[in-house]
Structure formats: C-alpha cells, structure tokens
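> Please work out how this folds:
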Amino acid sequence: MPIRSRRTEGMALLSDAAAKQERWRAQNGSYATIVSDLRRGYGDLSEHGYCKLTVTADNGYTLTASRNGPQANDKKCGNYTLNALGTKGMADGTPGTLKDCWR
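Numbers count the residues shown, from 1 in each chain. All right, here's what the predicted structure looks like:
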C-alpha cells in the first residue's frame, strides 16, 4: 500500500476514536483519558497498524495518530491530530501542513 493511501488510515483512526470519545463522555460524564477505555477493535493501532493512537484529555481531548511501522517513513506528512472541537491539525515537530496532508 502506498504511503499516501496509508495517511487515510490515520484520519480514519482519529474519526473512529473521536466518535468513541463522545460515546464515552455520554456514558461517563467525562472524556476517556486512556486509549483502552475507547474499546477499539485494534486497541491503540489503526486497522493495518500504520498509525498508533494516543489521547490527551482534560476539559476536552486531543487525539494523535502517530506514524507507525512502514508509515514512519512518510517524510511529507507527519502525525495527525483531532480535538474535541473537531479541529484537525498536524502534531508539533512533524512534517506537513493541514492543507497538504488532511483530505
């Protein structure tokens, strides 16, 4: 699978995790602070393991899909972020811009 196609997997990982965060909040009154609480079928990895999920939560949350495995070689687009407000971004210190990397 080409690197560009693998980027989509990171975006899908964040969308799925965001939906699970909202479900967790509805049932528990706050956002999940650890990935395992989201009860994803692949744990902290995307479907094919090209990205790894981390979560930071306080008043809201920020999800990060970090490049993993062969995707770590992607020099154009780095790690993706998505927060509780739906704001998409690129993690600090990683290559790429929102315009060039998020589709």
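
> Lys86: neighbour count?
Not Lys; residue 86 is Gly. Look at Gly86: counted by other C-beta atoms under 10 Å, it has 7 neighbours. (C-beta placed from N, C-alpha, C; glycine too.)

> What sits closest to it if chain neighbours are left out?
Sequence neighbours aside, Ala18 is the residue nearest to Gly86 in space, at 7.7 Å (criterion: C-beta to C-beta, 6 or more residues apart in numbering).

> Make sure that neighbour is actually in contact with Tyr80.
No - when contacts are counted by C-beta atoms under 8 Å, Ala18 is not listed as touching Tyr80 (11.6 Å).

> what about the residue nearest to Gly86, which helix or strand?
In this structure, Ala18 sits in helix 3-28 according to DSSP states H and E.

> And the next helix or strand after that helix, how far out from the chain middle?
With elements assigned by DSSP H and E, the helix or strand that comes after helix 3-28 is strand 51-57. Centre-to-centre, strand 51-57 and its host chain are 6 Å apart (C-alpha atoms, centre = their mean, to the nearest Å).

> Give me the angle between strand 51-57 and helix 3-28.
30 degrees (axes from the mean of the first three to the mean of the last three C-alpha atoms, to 10 degrees).

> Lys88 against Arg103, yeah?
No - here Lys88 does not reach Arg103: they are 10.2 Å apart, not a contact under C-beta under 8 Å.

> Noted, bye for now.
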